[in-house]
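> Kindly return the folded structure for what I paste below:
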Amino acid sequence: MTSRHLVDPELLPLLDMWPTVTLTHENLAAMRARELPLPPADTQGTELDSRRVPGPAGAPDIGLHIYRPVDCSSPLPCIYHIHGGGFVGGAAKDLEHIHRPLVRELGCVIVSVDYRLAPETRFPGAIEDCYAGLAWTFARTHELAIDPRRIGVMGESAGGGLAAALALLARDRGEHVLAFQHLIYPMIDDRTCVAQPSEFAGEFVWTADSNAFGWASLLGVDPGSEGISPYAAAARADDLAKLPPTFISTGSLDLFADEDIAYARRLIQAGVPTELHVFPGGFHGYDIAPGARIADAARDASRAALRRAMFG
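Below is the predicted model of the structure:
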């Protein structure tokens, strides 16, 4: 199988620079240690406050990266962000070059959480870390000049899966009301590992083998097993009613395309205001491609949805 002919032509330079590597226990440490060629962060007009805050009961403290516009004292909307990395990698600091411009452009606060990674920490460690950081943010809205009525969750890939799970957990615990959930190619269904694969999805960047490794690392059992919690895999939830308004974006060649479309359909059927975008010719992570019109369109749709969610 090859889906290269279906890739948007303007994404091919990114694809050629981004080798597809299957994650394993043997290469995980090297993956985490690699130096990413990240562009420098434009710090103009924004400030960063890095905090260590209490984690879940009996667990270590967690790190929060809080970005905000300089010299702004009025209550602002807040994006509570969860980074990606297949549940096994990534860090909040890796997104600074994206978060600072987003804060400046939208006029909001971003709180980005560093959760414990699998396989060292199994479920529910990561989601409980995310919840603890969210609870801390709600408790400090006055100090942080955040409007508590306009706090929503956002994440990409595994971070999108954790954001979706966090929206479920917040709804069910009833302690904090989220204004929106913003999910970019979210990793939300472990059963994709055992489903009949789509003919043209998941060939590039994040493959079925890496997906199985990520899910098994998080769950500690085989993906697709019975009894998986919806707070681990949001697509496992029986009831999606009363979740916050939702934005979902994915690429047609992403391994997660089918599960993301199915989740959007179920949200719509549950009465949740839902916006879904499927960008043709997009593989996992396609929206970082510089100069590609499809990537620009994905970022524009995301920002427009965030503006509506936060400012009406």
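> Who are the packing partners of the host helix or strand of residue 210?
Element membership of residue 210, judged by DSSP states H and E, is helix 208-219. Helices and strands touching helix 208-219, by 3 or more Cβ pairs under 8 Å, 6 or more residues apart in numbering; DSSP states H and E: there are none. For glycine as for every other residue, the C-beta is placed from the backbone atoms N, C-alpha and C.
> Can I get the next helix or strand after that helix in PDB? Just the C-alpha atoms.
If you walk from helix 208-219 toward the C-terminus, the next helix or strand you reach (DSSP H and E) is strand 246-251. C-alpha atoms of strand 246-251 as PDB (Å, rounded to 0.1, in the frame of the first residue of the first chain):
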ATOM      1  CA  THR A 246     -16.400  20.900  20.100                       C
ATOM      2  CA  PHE A 247     -14.000  21.500  17.300                       C
ATOM      3  CA  ILE A 248     -12.300  18.600  15.600                       C
ATOM      4  CA  SER A 249      -9.800  18.800  12.700                       C
ATOM      5  CA  THR A 250      -7.900  15.900  11.000                       C
ATOM      6  CA  GLY A 251      -6.300  15.000   7.700                       C
END
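> From start to finish, how long is stretch 102-113 in a straight line?
Stretch 102-113 stretches 16 Å from its first residue to its last (Cα to Cα, to the nearest Å).
> Counting neighbours, show which residues of that stretch come out buried.
102-104, 106-113 (16 or more other Cβ atoms under 10 Å).
> returning to that earlier point: rounded mean pLDDT for the helix holding residue 210, please.
For helix 208-219, the mean pLDDT works out to 98.
> Residues contacting the helix or strand residue 67 falls within, please?
Using DSSP H and E, residue 67 falls within strand 62-69. Here strand 62-69 makes contact (Cβ atoms under 8 Å, 6 or more residues apart in numbering) with 45-55, 76, 92-93, 96, 99-100, 103-104, 107, 109-116, 129, 132-133, 136-137, 144-145.
> Given it, what are its sheet partners and their directions?
Using DSSP bridges, strand 62-69 pairs in its sheet with strand 46-53 (antiparallel), strand 109-114 (antiparallel).
> Tell me which helix or strand comes right after that strand.
strand 76-82.
> List the buried residues in stretch 6-15.
Result for stretch 6-15 [16+ other Cβ under 10 Å]: buried residues 7-8, 10-11, 14-15.
> Distance to residue 150 and secondary structure for those - can I get that in CSV?
Below are the buried residues of stretch 6-15 laid out as CSV (distance: Cβ to Cβ, whole Å; DSSP: H, G, I helix; E, B strand; the rest coil):
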residue, distance to residue 150, secondary structure
7, 37, coil
8, 34, coil
10, 35, helix
11, 34, helix
14, 34, helix
15, 37, helix
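> circling back: mind giving me the PyMOL command for buried ones among the contacts of strand 62-69?
To isolate the buried ones among those in PyMOL, judged by 16+ other Cβ under 10 Å, type:
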select buried, resi 46+48+53+55+76+92+93+96+99+100+103+104+107+109+110+111+112+113+114+115+116+129+132+133+136+137+144+145
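> ok, back up a step: closest to residue 278 among the buried residues of stretch 6-15?
residue 8 (12.6 Å; Cβ to Cβ).
> pLDDT wise, what is the residue nearest the centre of the chain at?
Taking Cα atoms, centre = their mean, the centroid of the chain lies closest to residue 155, which sits 2.0 Å from it. For residue 155, the pLDDT comes out at 98.
> Likewise for residue 37?
Model confidence at residue 37, given as pLDDT, is 69.
> pLDDT on the longest helix that the chain contains, on average?
For the chain, the helix that runs over the most residues, judged by DSSP state H, is helix 293-311. Here helix 293-311 scores 98 as its mean pLDDT.
> Now do that helix: everything it contacts.
By Cβ under 8 Å, 6+ apart, helix 293-311 touches 8, 10-11, 77, 79, 102, 105-106, 108, 150, 152, 154, 179-180, 182, 184, 245, 247, 249, 275, 277, 279-282, 286-289.
> can you rerun that using 7 Å?
When contacts are defined by Cβ atoms under 7 Å, 6 or more residues apart in numbering, helix 293-311 is touched by residues 8, 10-11, 77, 79, 105-106, 108, 150, 152, 179-180, 182, 184, 245, 247, 249, 275, 277, 279, 281-282, 286-289.
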